[in-house]
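sequence and predicted structure are below.
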Amino acid sequence: MSDQPPSRPIQIVPSVLPADFSKLGEECRALEEAGVDRIQWDVMDGVFVPNLTFGPDVIAACRDHVEVPFEAHLMVEDPDLLAARYVEAGCGMLIVHAETARHLHRTLGAIRDMDASPAVALNPSTPVDAVRHVLDLVDMVLVMTVNPGFGGQDYIATMEPKVAELRRLIVEGGYDVDIEVDGGIGPGTIGGAASAGANVLVAGSALYRDPEGLGHAVSDLRARAEAAVAQG
Ligand SMILES: O=C(CO)[C@@H](O)[C@H](O)COP(=O)(O)O
């Protein structure tokens with residue numbers, strides 16, 4: 001009998017960075033029809049990362065086009081200032097970077113108090129230890145597999161041991177926490193990330209460049225991740 005707990009369900013979450021920004025409502029509907037589990041909005045403020053993307057009103061405008069849940073990846077210098085706006089816009093999960101929250105424990109608790117799902121993100125150079133004392137507060141930890149700011153970057157495979165270390169911490173502590181990875185996820189990399197312990201996989205470029213379309217891309221990535229987990 002394996003002493004490992006049952007693996008957590010694989011979830012495929014698109015980043016809409018590669019989508020056509022002139023018709024985001026339609027793009028969200030296409031993603032929902034393709035079978036995604038959630039939609040990730042990469043929120044960037046031009047301070048924490050060298051890019052500027054979606055304000056809460058843009059997300060709110062897309063909310064009623066689909067039923068699928070939204071998550072906001074807050075790549076912003078001051079998450080406390082903005083968190084409530086993104087919940088009001090319709091994001092059920094907020095992902096806060098450990099590197100930006102001045103009082104991470106308090107910020108995550110405040111998100112839960114807003115009836116939203118708190119999650120925490122780690123940039124590639126930030127150690128797992130940065131979230132050791134907040135695993136009881138979050139529903140998910142995001143391990144970045146690129147440096148944040150842009151889609152289409154190369155996957156940083158050296159993050160796989162970090163994912164495995166985080167998984168051990170979660171399992172040993174008995175926490176009910178998903179592990180998400182984001183950045184460079186595609187057919188050639190998703191297996192390594194899932195084998196390391198990630199069960200929520202964010203993909204942007206890989207979904208939109210699949211010649212067989214979004215539906216095929218989502219199904220193919222899910223199958224590859226599930227096969228990697230099954231192989232152990
Ligand atoms: O979050 C970021 C960068 O900040 C990106 O990693 C996108 O969320 C996914 O982009 P791809 O690498 O899948 O194109």
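Received, thanks.

my read: A227 touches G191, true?
Yes. Between A227 and G191 there is a contact at 7.3 Å, judged by C-beta atoms under 8 Å. Every residue, glycine included, has its C-beta placed from N, CA and C.

residues touching the closest residue to D139 other than its chain neighbours, list them.
Nearest residue to D139, sequence neighbours excluded (C-beta to C-beta, 6 or more residues apart in numbering): S117, at 4.7 Å. Contacts for S117 (C-beta atoms under 8 Å, 6 or more residues apart in numbering) come out as E71, G92, M93, L94, I111, D139, M140.

the same query, at a cut-off of 10 Å, please.
Applying C-beta atoms under 10 Å, 6 or more residues apart in numbering, we find S117 in contact with 69, 71, 87, 91-95, 111, 138-140, 178.

now do F21
Applying C-beta under 10 Å, 6+ apart, we find F21 in contact with E27, T53, F54, V58.

what is the nearest of these to the ligand?
Nearest to the ligand, judged by C-beta to the nearest ligand atom, of the contacts of F21 is T53 at 9.0 Å.

and the closest residue to that closest one other than its chain neighbours, how far from R168?
If the residues on either side of it in the chain are set aside, T53 comes closest to M44, at 4.4 Å by C-beta to C-beta, 6+ apart. Using C-beta to C-beta, to the nearest Å, M44 is found at 31 Å from R168.

between the two, which is the more surrounded one?
M44 (21 against 12; other C-beta atoms under 10 Å).

now do the helix or strand that contains the more buried one, average pLDDT.
Assigned by DSSP states H and E, M44 belongs to strand 39-44. Mean pLDDT, strand 39-44: 98.

is the ligand within reach of it?
Yes. Against the ligand, strand 39-44 shows contacts by C-beta under 6 Å from any ligand atom at D42.

by how many degrees do the helix or strand following that strand and strand 39-44 diverge?
Sequence-wise, the next helix or strand downstream of strand 39-44 (DSSP H and E) is helix 56-63. Taking axes from the mean of the first three to the mean of the last three C-alpha atoms, to 10 degrees, one finds helix 56-63 and strand 39-44 inclined to each other by 170 degrees.

so who does the nearest residue to V47 once chain neighbours are set aside touch?
In space, and not counting its chain neighbours, V47 is closest to E77: 4.3 Å by C-beta to C-beta, 6+ apart. Neighbouring residues of E77 by C-beta under 10 Å, 6+ apart: D45, G46, V47, F48, V49, H97, E99, T100.
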